[in-house]
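Asker: Generate a structure from the sequence data that follows.
(chains A and B)
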Amino acid sequence: MSRVALPRDLGELWQEMDRAPQAMLYAGGTDLLVRRRSRPQPESPLICLERVEELKRLELRGDQIYLGAGCTHSRLLASDLVRQRLPILARALAVLGSPLVRNMGTLGGNLATASPAGDTLPPLYALGAWVELASPCRVKRLPLCDFILGPGRTALRPGEIILGVAVPVPLQGARHHFEKVGQRAALAISIASLAALIETEASGLVRRAHLAWGSLGPRVVTCPAAEQALEGGGLNRESLSRAARLAREAVSPIDDQRASAAYRRRVAGNLLLRLADPA
Amino acid sequence: MIRLTFSLNGRPVRLRTAADKRLVDLLRQDLGLTGTKEACGAGECGACTVLMDGEPRLSCLTLAAQAEGRELTTIEGLAPAGELHPVQRAFVERGAVQCGFCTPGMALSAAALLARNPSPSAQETRQALAGNLCRCTGYQKIVEAIQAAAAALEAEP
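Answerer: Got it, this is the predicted structure:
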């Protein structure tokens, strides 16, 4: 039987963590409580973050949007700020798990789990997001790409929590694209996904392309060569096919029960073709 | 053991329980409310859906301690004793039940949908139920029943 603490603010949270440094932290429980059941650790105390007020912030701060780690996916999806300014993230959230999972799971939890198939990771990579970490004595920021170290591994240190994510507001008019390939339309773990944020010139030519693939390697895959292949030109069949070839070389997928590595590699490139401008 | 106080189907409840007991076990084993079902135990099927402060959530991935101070509704409390919620009535009238194991979760997810969107499209209905699996594969009648319940609720004075 484990103790379960429900701190209401950061002060209470630090006290609980001080009292039980070995405690496991969770918010929605959609990952941790599943793992805990398959590998019981009966005496390990738990700290549930669902009531920590400081983790629920969701606001525009200057040229950044701040998303508290404790925001549930449903809350983010219902927010006008996210829907209007971060459609790339909203599209990923809309296909994350199921409504029930989205009502419980949080953004911080999706980052802490650091699954290669984590649906919020590719859009947050493409957006150039920063992760804000806190301990009782300090708050620090890391680029998301430095925070995720591998499957289930992050730069989070003992005694630290994820406070939130800071996302630079994308330029008005930028194109937001997210597509996930799964075995079914809902409640599907991603087989491959692509998040693309495309900034264009008034002429329609690509100024900057930010591309990030999920489920195609131990971490989110980026491919500067594919981005450069699109920059300075239009999004047409030729440029996208060139970028797709480069993307297929950059990914390092695995075979698993959902798909083969060869299929994933092919899809990694094909997902780019969806970006083609209407002829 | 901890002391918990919460509202269950409109009535205040005070009890002692293990803090890390799963909510589905607290409901079924300690409180005898076996309308809440458990199938996968891993958040993938929705059979254990309950409403917490009106929002559908998985009771297999919620610990007892998290119920403190909340308002819980299970299928037993969706309508007053002896009555049916319009969603339940529509399920009966439209034959939207086969084996029945997914039905409590379906009904609760549907009731929560209609509370926030009184006239959902078929597509919105399907999306709202995407986390509730029916292995008899009777989704068509379930969606039709929920649409009928929406119409019945709209027609109420």
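Asker: so which strand or helix has B:A110?
Answerer: When secondary structure is defined using DSSP states H and E, the element that contains B:A110 is helix B:103-116.
Asker: Flag every buried residue along that helix.
Answerer: Residues of helix B:103-116 classed as buried under the neighbour-count rule (16 or more other CB atoms under 10 Å in any protein chain shown) are B:103-114. Yep, even glycine has a C-beta here, placed from its N, CA and C like the rest.
Asker: and what of stretch A:56-75?
Answerer: Across stretch A:56-75, burial judged by 16+ other CB under 10 Å covers A:56, A:58, A:65-75.
Asker: Beta-bridge partners for A:R175, please?
Answerer: In this structure, A:R175 has beta-bridge partners A:I198, where bridges are defined by DSSP bridges.
Asker: is it true that it touches A:G204?
Answerer: No: when contacts are counted by CB atoms under 8 Å, A:R175 is not listed as touching A:G204 (10.6 Å).
Asker: Minimum distance to chain B, which residue of chain A gives it?
Answerer: Closest to chain B within chain A is A:S98: 2.6 Å, counting by CB to the nearest CB.
Asker: From the buried residues of helix B:103-116, pick out the ones that also neighbour chain A.
Answerer: Applying CB under 8 Å from any CB of the partner chain, the subset of those adjacent to chain A comprises B:S109.
Asker: As JSON lines, the buried residues of helix B:103-116 with pLDDT would be great.
Answerer: Rendered in JSON lines, the data for those read as follows (pLDDT from 0 to 100):
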{"residue": "B:T103", "pLDDT": "98"}
{"residue": "B:P104", "pLDDT": "98"}
{"residue": "B:G105", "pLDDT": "98"}
{"residue": "B:M106", "pLDDT": "98"}
{"residue": "B:A107", "pLDDT": "98"}
{"residue": "B:L108", "pLDDT": "98"}
{"residue": "B:S109", "pLDDT": "98"}
{"residue": "B:A110", "pLDDT": "98"}
{"residue": "B:A111", "pLDDT": "98"}
{"residue": "B:A112", "pLDDT": "98"}
{"residue": "B:L113", "pLDDT": "98"}
{"residue": "B:L114", "pLDDT": "98"}
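Asker: Could you chop the chain up by domain?
Answerer: No chain in the question, so chain A it is. Residue ranges for the domains of chain A, per automatic domain parsing: A:4-48, A:53-168, A:175-273.
Asker: Chain B, not that one
Answerer: Following the assignment in automatic domain parsing, chain B carries domains at B:2-77, B:86-155.
Asker: In TSV, list the ones you listed along with distance to A:L121.
Answerer: TSV is the format used below for these (distance: least, CB to CB, whole Å):
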stretch	distance to A:L121
domain B:2-77	19
domain B:86-155	21
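Asker: and the spatially closest residue to the residue of chain A closest to chain B that is not a sequence neighbour, how far is that from A:P7?
Answerer: Once its chain neighbours are removed from consideration, A:S98 has its nearest residue in B:G131; the separation is 2.6 Å (CB to CB, 6 or more residues apart in numbering or on different chains). In this structure, B:G131 and A:P7 are 28 Å apart, going by CB to CB, to the nearest Å.
Asker: Neighbour count: those two, which is higher?
Answerer: For B:G131 versus A:P7, neighbours defined as other CB atoms under 10 Å in any protein chain shown are more numerous around B:G131 (24 against 19).
Asker: Would you confirm that that one contacts A:G105?
Answerer: No: here B:G131 does not reach A:G105: they are 11.4 Å apart, not a contact under CB under 8 Å.
Asker: residues shared between the contacts of these two?
Answerer: When contacts are counted by CB atoms under 8 Å, 6 or more residues apart in numbering or on different chains, the set common to B:G131 and A:G105 consists of A:G97.
Asker: Find the nearest non-adjacent residue to the residue nearest the centre of chain B, please.
Answerer: Against the mean C-alpha coordinate of chain B, by CA atoms, centre = their mean, the closest residue is B:L108 at 2.9 Å. Distances taken as CB to CB, 6+ apart place B:T49 nearest to B:L108, at 4.9 Å, with adjacent residues excluded.
Asker: can you tell me how far that neighbour sits from B:T62?
Answerer: For B:T49, the distance to B:T62 equals 11 Å [CB to CB].
Asker: higher neighbour count, those two?
Answerer: Relative neighbour count places B:T49 above the other of B:T49 and B:T62, with 29 against 25, counting by other CB under 10 Å.
Asker: Who are the contact partners of A:A247?
Answerer: A:A247 sits in contact with A:211, A:213, A:221, A:223, A:226, A:268-269, A:272, where contact means CB under 8 Å, 6+ apart.
Asker: could you dump those residues to JSON lines with pLDDT and secondary structure?
Answerer: Below are these laid out as JSON lines (pLDDT from 0 to 100; DSSP: H, G, I helix; E, B strand; the rest coil):
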{"residue": "A:L211", "pLDDT": "98", "secondary structure": "strand"}
{"residue": "A:W213", "pLDDT": "98", "secondary structure": "strand"}
{"residue": "A:V221", "pLDDT": "97", "secondary structure": "strand"}
{"residue": "A:C223", "pLDDT": "98", "secondary structure": "coil"}
{"residue": "A:A226", "pLDDT": "98", "secondary structure": "helix"}
{"residue": "A:A268", "pLDDT": "97", "secondary structure": "helix"}
{"residue": "A:G269", "pLDDT": "97", "secondary structure": "helix"}
{"residue": "A:L272", "pLDDT": "97", "secondary structure": "helix"}
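Asker: Between those residues, which sits nearest A:G150?
Answerer: Top of the list for closeness to A:G150, among these and by CB to CB, is A:V221 at 12.9 Å.
Asker: Can you get me a residue count around the nearest residue to the closest one once chain neighbours are set aside?
Answerer: Using CB to CB, 6+ apart and skipping the chain neighbours, the partner closest in space to A:V221 is A:W213 (4.3 Å). When neighbours are defined as other CB under 10 Å, A:W213 has 32 of them.
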